[in-house]
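Participant: structure, please.
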Amino acid sequence: MRNFMFDFDGTLADSGEVCTIATQKAFIKNHLPAPTKQQVLDYMGLPIETFFPMLAPQASSKVLDQLFDDFRMYCTQFEDSGTKLFDGIVPTLKSLHDAGKQLFILSSNSSTTIQHHLERFKIDHLFNEIVGSDMVKNFKPDPESVNRVVHDFSLQRYQSVMIGDARYDLQMGKNAAVQTCGATWGAFNVASLRDEQPNYLINHPQQLLKI
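Facilitator: This next block holds a predicted model:
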């Protein structure tokens with residue numbers, strides 16, 4: 001592979017607790033039943049604009065907008081202390097970069113938040129492009145994010161792989177006709193990754209060096 005497209009949360013960074021806490025606090029603040037940790041983690045990989053309405057189907061658009069704002073407020077409070085890179089991520093990214101591979105992040109998180117963390121971890125220089133949910137009209141599993149970097153960087157699809165911890169990442173990759181790789185180290189539901197029958201299913205970041 002020459003082109004590596006990564007999800008961020010749950011794939012590069014361990015941030016599941018931040019998302020869970022921020023979601024539960026936002027729901028409670030808006031007098032809605034707080035979802036369980038399992039419910040939140042099962043939707044990890046989708047933007048809040050997609051999965052909050054699923055968790056609160058009775059909520060009006062006004063309430064949903066307030067939920068989004070409150071979630072982002074709570075994330076800002078907890079994201080630095082609650083977000084860390086998974087073991088093995090930094091040396092793997094550096095090895096791929098040094099080998100001349102092109103690295104991308106395609107995330108349901110905002111590009112501003114991702115850039116903040118990349119700079120905080122001092123790995124922003126390793127990536128060619130970041131595509132956050134604020135930069136596309138159609139969210140995962142729609143292939144828009146993948147198609148965008150394929151077009152902008154003139155990538156060959158057969159030399160490109162989408163790497164993620166959630167089924168939505170793999171579905172997006174398949175919808176864009178690129179290779180797919182399930183990352184089990186941050187996955188909430190490994191069985192759901194297997195069900196997608198990815199080209200690769202790996203347990204450690206270093207295994208990316210062999211594909």
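
Participant: can we go C-alpha only for contacts and neighbour counts from here?
Facilitator: Will do.

Participant: list the contacts for residue 85?
Facilitator: Shown in contact with residue 85 (C-alpha atoms under 8 Å, 6 or more residues apart in numbering): 12-14.

Participant: my guess is residue 146 meets residue 174, correct?
Facilitator: No. Contact between residue 146 and residue 174 fails when scored by C-alpha atoms under 8 Å: they sit 10.0 Å apart.

Participant: more neighbours: those two, which one.
Facilitator: residue 146 (25 against 21; other C-alpha atoms under 10 Å).

Participant: spatially nearest residue to the more buried one, not counting backbone neighbours?
Facilitator: Closest residue to residue 146 apart from its sequence neighbours, by C-alpha to C-alpha, 6 or more residues apart in numbering: residue 176 at 6.4 Å.

Participant: what residues of the helix-or-strand element of the chain with minimal mean pLDDT count as buried?
Facilitator: None of the helices or strands of the chain scores lower by mean pLDDT, DSSP states H and E than helix 37-42, at a mean of 86. Using 16 or more other C-alpha atoms under 10 Å as the test for burial, helix 37-42 gives 40-42.

Participant: would you turn those into JSON lines with distance to residue 51?
Facilitator: Output for the buried residues of helix 37-42, formatted as JSON lines (distance: C-alpha to C-alpha, whole Å):
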{"residue": "40", "distance to residue 51": "9"}
{"residue": "41", "distance to residue 51": "11"}
{"residue": "42", "distance to residue 51": "10"}
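
Participant: list the contacts for residue 22?
Facilitator: Residue 22 neighbours (C-alpha under 8 Å, 6+ apart): 70-72, 74-75.

Participant: that one: helix or strand, and which one exactly?
Facilitator: Here residue 22 sits within helix 16-29, counting by DSSP states H and E.

Participant: just list the residues touching residue 4, thanks.
Facilitator: 101-104, 160-163.

Participant: now residue 115: how far from residue 15?
Facilitator: Separation of residue 115 from residue 15 (C-alpha to C-alpha, to the nearest Å): 15 Å.

Participant: and the longest helix along the chain, what's buried?
Facilitator: Longest helix in the chain, counting residues (DSSP state H): helix 61-82. Buried residues in helix 61-82, counted by 16+ other C-alpha under 10 Å: 63-64, 66-68, 70-72, 74-75, 78-79.
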